[in-house]
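Novice: sequence isn't available, so here's the structure alone:
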């Protein structure tokens with residue numbers, strides 16, 4: 001059966017998106033999600049690298065502090081404050097990574113339940 005418009009009338013163009021446009025929108029949406037996830041992962045990798053650098057520098061400073069202490073040299077209060085601030089930053093970053101790990105485990109578990 002073929003549908004035709006009544007005599008003298010024309011088909012009106014549909015204002016809703018075509019299937020091709022909908023598929024294109026889904027692909028774009030998926031690409032954006034993938035880019036977001038990739039950037040999210042990159043952010044945490046960079047954060048981990050920076051935390052490792054901070055830990056290394058803190059240990060280096062602490063070693064110099066120990067040498068200065070043995071030599072009877074004074075250690076400035078700013079150095080103690082810096083070491084403490086690094087410790088707080090590292091602890092905060094570790095909590096962030098632990099929370100992320102728990103969330104990833106929960107997401108995987110939820111995905112298994114839904115399948």
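Specialist: Cool, got the structure. Quick caveat, the model's predicted, so the values are computed rather than measured.

Novice: going by C-alpha atoms from here, please, whenever you check contacts or count neighbours.
Specialist: Fine.

Novice: how about the helices in the chain?
Specialist: With helices called from DSSP state H, the chain shows them at 19-70, 77-114.

Novice: those helices: lowest mean pLDDT?
Specialist: Among those, helix 77-114 carries the lowest mean pLDDT, a mean of 74.

Novice: contacts for stretch 93-103?
Specialist: The contact list for stretch 93-103 (Cα atoms under 8 Å, 6 or more residues apart in numbering) reads 47, 51.

Novice: show me what counts as buried in that stretch.
Specialist: residue 93 (16 or more other Cα atoms under 10 Å).

Novice: cool, stretch 57-67 as well?
Specialist: Across stretch 57-67, burial judged by 16+ other Cα under 10 Å covers 58, 61, 65.

Novice: looking at the residues you listed, spot the one nearest residue 87.
Specialist: residue 58 (8.3 Å; Cα to Cα).

Novice: and that closest one, what does it touch?
Specialist: Applying Cα under 8 Å, 6+ apart, the residues near residue 58 are 83, 86.

Novice: what about 10 Å?
Specialist: 52, 64, 82, 83, 84, 85, 86, 87 (Cα atoms under 10 Å, 6 or more residues apart in numbering).

Novice: who's in contact with the first one?
Specialist: Looking back up the chat, that one is residue 52. Under the criterion of Cα under 10 Å, 6+ apart, the contact list for residue 52 reads 46, 58, 90.

Novice: if I look at the first one, how far off is residue 52?
Specialist: Spelled out, it's residue 46. 10 Å (Cα to Cα, to the nearest Å).

Novice: repeat for residue 93
Specialist: In terms of Cα to Cα, residue 93 sits 10 Å off from residue 52.

Novice: kindly report the same for residue 76.
Specialist: The separation that residue 76 has from residue 52, given Cα to Cα, amounts to 24 Å.

Novice: ditto for residue 100
Specialist: Residue 100 is 18 Å from residue 52, by Cα to Cα.
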